[in-house]
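Chemist: Predicted model and sequence below, questions to follow.
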Amino acid sequence: MDQSKIDEIVEKLKNQISQGEYSAGQRLPSERDLAEQLSVSRATIRSVLLRLQSEGLIEIVPRGGAFVRSTSTIDVISRGVENQQFNTFMEHFHQQGKEVLVRFLEPSKIIPAGKDIGEKLNVPPETEVFRRYRVQIVDRFPYRIMEGYYLASIFRELCDRDQHLYPVQRWDDKYVPFFKWLREEKKIFPSKSKERLKCRMPNAEEAKILSISRNQPVVELHRWVWGKSDKEDDILFEYSKIIYNSSLHVFEYEFKLGRE
């Protein structure tokens, strides 16, 4: 495959997007049409589109085509943003007027923590936890995969609520976001969060769920969340593993430096 030809077409489409020939949200011509217009193979066009996707200029929707991405779709994710600034990450997008969906990849359920999750939540393996496995979607684009584990002693009734929402939850004004529910119903206020990030390539399942290629990086984030109540301080109630489509996120952290 001619790499120089790929570079040339990438630059051509970039210019067309920046000059408004293809506007945000607009569907690009099909691979076949682009190949005919530019007198190249469909394999070359496929490589071009994957490059544009990896650079955050387009999104490829399976069986739907390639769409120019709005720059406003990128969001800044900072430590504690869900606890401090918005009810939840997805509520933030809903307030911006975007279409927000949550698709359950598996039914939510109560299970024993087991050795691995028990260690992460600092509880015995037999402790019951509430497990959620979902993908969050904004304006048709899969944003992130969330696999969350929560203490069932606090969140059991949320499992019942999820059964009514399965398989797809539509975000609307009637839906009570997670942290708002936690504050109002359980009187538990998120107090601190610990996060660990790693950039890597997706596995086959993650690439399929996020509608990205296997050579487009993802960010894997491990999150622990503590809360406070009138009866108890620093309850470790959540451990989540989150896989982000890296082209749709900017991670921004601010912290103070100590004095010598």
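Modeler: Good, I have the coordinates. What you are looking at is a predicted structure, and each value in this text was computed from that prediction instead of being measured.
Chemist: can we go C-alpha only for contacts and neighbour counts from here?
Modeler: Noted.
Chemist: So what's the residue count around Gly20?
Modeler: Gly20: 10 surrounding residues under other CA atoms under 10 Å.
Chemist: Quick check: Leu57 vs Leu28, distance?
Modeler: 12 Å (CA to CA, to the nearest Å).
Chemist: what's the overlap in contacts for those two?
Modeler: Counting by CA atoms under 8 Å, 6 or more residues apart in numbering, the residues touching both Leu57 and Leu28 are Val68.
Chemist: So Asp173 lies in a helix, does it not?
Modeler: No. Asp173 is assigned coil when assessed by DSSP: H, G, I helix; E, B strand; the rest coil, not a helix.
Chemist: And it, how far from Leu165?
Modeler: Applying CA to CA, the value for Asp173 to Leu165 is 15 Å.
Chemist: Neighbour count: the two, which is higher?
Modeler: Just comparing Asp173 and Leu165: by other CA under 10 Å the higher neighbour count belongs to Leu165, 15 against 10.
Chemist: what pLDDT does the more buried one get?
Modeler: Note on Leu165: pLDDT of 87.
Chemist: Please shift the residue numbers so they start at 373 in all later answers.
Modeler: OK, 373 is where the count begins now, so the last one is Leu537.
Chemist: And it, how close does it get to Leu530?
Modeler: Leu537 is 11 Å from Leu530, by CA to CA.
Chemist: and what of Gln508?
Modeler: Gln508 sits 17 Å away from Leu530, going by CA to CA.
Chemist: Same drill for those two, tell me which one is more crowded.
Modeler: Comparing Gln508 with Leu530 by other CA under 10 Å, the one with more neighbours is Gln508, at 22 against 15.
Chemist: Identify the residue spatially nearest to that one, adjacent ones excluded.
Modeler: Closest residue to Gln508 apart from its sequence neighbours, by CA to CA, 6 or more residues apart in numbering: Val474 at 4.6 Å.
Chemist: burial count for that neighbour?
Modeler: Neighbours of Val474 (other CA under 10 Å): 21.
Chemist: Enumerate the beta-bridge partners assigned to it.
Modeler: Counting by DSSP bridges, Val474 is bridged to Gln508, Gln541.
Chemist: Touching, it and Tyr505? I think so.
Modeler: No. Contact criterion CA atoms under 8 Å: Val474 and Tyr505 do not qualify, at 10.1 Å.
Chemist: Please identify every residue contacting each of these two.
Modeler: What both Val474 and Tyr505 touch, as defined by CA under 8 Å, 6+ apart, is an empty set.
Chemist: any low-confidence regions in the stretch 473-622 of the chain?
Modeler: Of all residues in the stretch 473-622 of the chain, none has pLDDT under 70.
Chemist: the helices in it, which residues?
Modeler: Taking DSSP state H, counting those that start in this stretch as the criterion, the stretch 473-622 of the chain carries its helices at 486-493, 524-537, 550-558, 576-582.
Chemist: Of all these, which one is nearest Met518?
Modeler: For Met518, the closest of the helices of the stretch 473-622 of the chain is helix 576-582, at 10.9 Å, according to CA to CA.
Chemist: Next, the contact list for Lys570, please.
Modeler: Val591, Glu592, Leu593 are the contacts of Lys570 under CA under 8 Å, 6+ apart.
Chemist: what is it paired to in the beta sheet?
Modeler: Glu592.
Chemist: any idea how far it lies from Ile614?
Modeler: Taken as CA to CA, the span from Lys570 to Ile614 is 11 Å.
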